[in-house]
Structure formats: structure tokens, C-alpha cells
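>>> A structural model of the following input is requested.
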Amino acid sequence: MKSLLKGKHLLSTADWSDEEIETLMLTTEKLKLEYTLGIQHDDICRAKSLFMLFFEESTRTRNAFECGITQLGGHGNYLTPKATQIDHGETPKDTIEVLGRM
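Reported below is the predicted structural model:
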């Protein structure tokens, strides 16, 4: 699946164009439909770690992300500002840049 979104971080939808958000939504809709039909896509994130940084506790959102990442073959790492240096002055963008190299 080719997309202009490869390597792009979702820190805020304000950083994305309407076209990019629409592409994201259409892609997720397609993947969800195919998963329902039994078509696996566990190769997309195989052997990849994806970091999820949440500023507010969110059981449903966090678990939805973790399930989706697992279904795509990856491993989700759940982070909070308290579990990072963000609470000590590091910016979320700096944190993501460092984690993105792992």
C-alpha cells in the first residue's frame, strides 16, 4: 500500500492536511474491512515498535491502537508524559525524533 504518509508522525491533526487525514481514514477503513473478511496484514508492521504517547488517559483509544498495531504485526509501546522526559521540559517532538530512530 503506497501512501504519502510513510514516515509521518501523528502528533496533532493540525499538522496534517485534509487530504492526508482523508487518506488515513480511507486506509484504515479498507484495512478494517479486509480484517473482517479474514485478510491478514500482519506484515505491514512486522518487527516494528510503535510508540504511543498519550497526554490524557484513554482506555478505549490506547487499547484500539494496541490491537491495531498487533493486528498489523507490530508491538505498541504505551508512554505517558510522566514516563518520559516530557514532564521535565523535553518536547513531544524531540521525544518522537529519538524514539523514531529505534
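>>> quick one: buried residues of the longest helix anywhere in the chain?
Criterion DSSP state H: the longest helix present in the chain is helix 18-36. By 16 or more other CB atoms under 10 Å, the buried positions in helix 18-36 come out as Glu20, Leu24, Leu31. In this view, the C-beta of every residue, glycine as well, is placed from N, C-alpha and C.
>>> closest one to Thr61 out of the residues you listed, please.
Thr61 has its nearest neighbour among the buried residues of helix 18-36 in Leu24, at 15.1 Å by CB to CB.
>>> look at the closest residue to the closest one other than its chain neighbours and report its pLDDT.
Distances taken as CB to CB, 6 or more residues apart in numbering put Leu5 closest to Leu24, at 6.3 Å, once the chain neighbours are dropped. Turning to Leu5, the model gives it a pLDDT of 81.
>>> repeat that for the one 10 residues further on.
Looking at Asp15, its pLDDT reads 87.
>>> now do the same contact list for Leu4.
Glu20, Thr23 (CB atoms under 8 Å, 6 or more residues apart in numbering).
>>> helix/strand/coil for it?
Put simply, Leu4 is coil when judged by DSSP: H, G, I helix; E, B strand; the rest coil.
>>> other residues contacting the lowest-mean-pLDDT helix or strand in the chain?
None of the helices or strands of the chain scores lower by mean pLDDT, DSSP states H and E than helix 92-99, at a mean of 80. With CB under 8 Å, 6+ apart as the test, helix 92-99 has contacts from His9, Leu11, Phe51, Leu53, Thr84, Gln85, Ile86.
>>> what about it, distance to the chain center?
Remark: helix 92-99 is offset 14 Å from the chain centroid, using CA atoms, centre = their mean, to the nearest Å.
>>> pull out the buried positions in that helix.
For helix 92-99, the neighbour count (16+ other CB under 10 Å) marks Pro92, Thr95, Leu99 as buried.
>>> one step back: whichever of the contacts of helix 92-99 end up buried, select them in ChimeraX.
To isolate the buried ones among the contacts of helix 92-99 in ChimeraX, judged by 16+ other CB under 10 Å, type:
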select :9,51,53,84,86
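>>> and the furthest pair within the contacts of helix 92-99?
Most distant of these, by CB to CB, are His9 and Gln85, 17.4 Å apart.
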